[in-house]
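K.L.:
kindly generate the corresponding structure for this input.
(chains A, B and C)
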Amino acid sequence: MMSATDTPADAIVRVVAAIPRGRVTSYGAVAARAGLPGRARLVGRVLGETEQDLPWQRVLRSDGRIALPPRSAAFREQVRRLRAEGVTVTAGRVDLRRFGWGGGDLDAALWAMPGPRA
DNA sequence: GTCGTGACGCCTC
DNA sequence: TGAGGCGCCACGA
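P.N.:
Have a look, this model is predicted:
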């Protein structure tokens, strides 16, 4: 997907921009989809640097928790945005089994599973 | 060239 | 569930 001219950051931006509204995914998943397996930290760095209109609030840690200090302004902003698009945020965390982006292998598997409260 | 740091992730206790 | 440890890569001092 990544042509020779663009940087890993460009690939990351494309992946994040492609996350559907009302869905969330993890840094690791974004990195993998961008062709950068294991570069989760790079994703975080890119999100913090870029000035573009990205749905960065849809990117969470692998356990579904927001990767920002609970008391930071950015944290509150992320929670506000997620709730605005229908994502339930409880104690700074999101249930990936319910809102995870079906693109990832694990996400898809969990999504297809007959949940306890399906 | 090395060290410290970070919007991460997986494993183990 | 939470905390600690180690690995990973990019960057600035």
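
K.L.:
next one: the helix or strand where residue A:75 lies to chain centre, how far?
P.N.:
If you go by DSSP states H and E, residue A:75 is part of helix A:73-84. Chain-centre distance of helix A:73-84: 13 Å, with Cα atoms, centre = their mean, to the nearest Å.

K.L.:
so after it, what's the next helix or strand?
P.N.:
strand A:89-90.

K.L.:
what does that following strand contact?
P.N.:
Strand A:89-90 is touched from outside by A:66, A:79, A:82-83, with contacts defined as Cβ atoms under 8 Å, 6 or more residues apart in numbering. Glycine gets a C-beta too; all of them are placed from N, C-alpha and C.

K.L.:
what are the C-alpha coordinates of the helix holding residue A:75, in PDB please?
P.N.:
Extracted in PDB, the C-alpha atoms of helix A:73-84 (Å, rounded to 0.1, in the frame of the first residue of the first chain):
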ATOM      1  CA  ALA A  73      -7.300  18.000  28.400                       C
ATOM      2  CA  ALA A  74      -6.600  15.700  25.500                       C
ATOM      3  CA  PHE A  75      -8.000  12.800  27.500                       C
ATOM      4  CA  ARG A  76     -11.300  14.600  28.100                       C
ATOM      5  CA  GLU A  77     -11.500  15.700  24.500                       C
ATOM      6  CA  GLN A  78     -11.000  12.100  23.300                       C
ATOM      7  CA  VAL A  79     -13.800  10.800  25.600                       C
ATOM      8  CA  ARG A  80     -16.100  13.600  24.500                       C
ATOM      9  CA  ARG A  81     -15.500  12.900  20.800                       C
ATOM     10  CA  LEU A  82     -16.000   9.100  21.200                       C
ATOM     11  CA  ARG A  83     -19.200   9.500  23.100                       C
ATOM     12  CA  ALA A  84     -20.400  12.000  20.500                       C
END
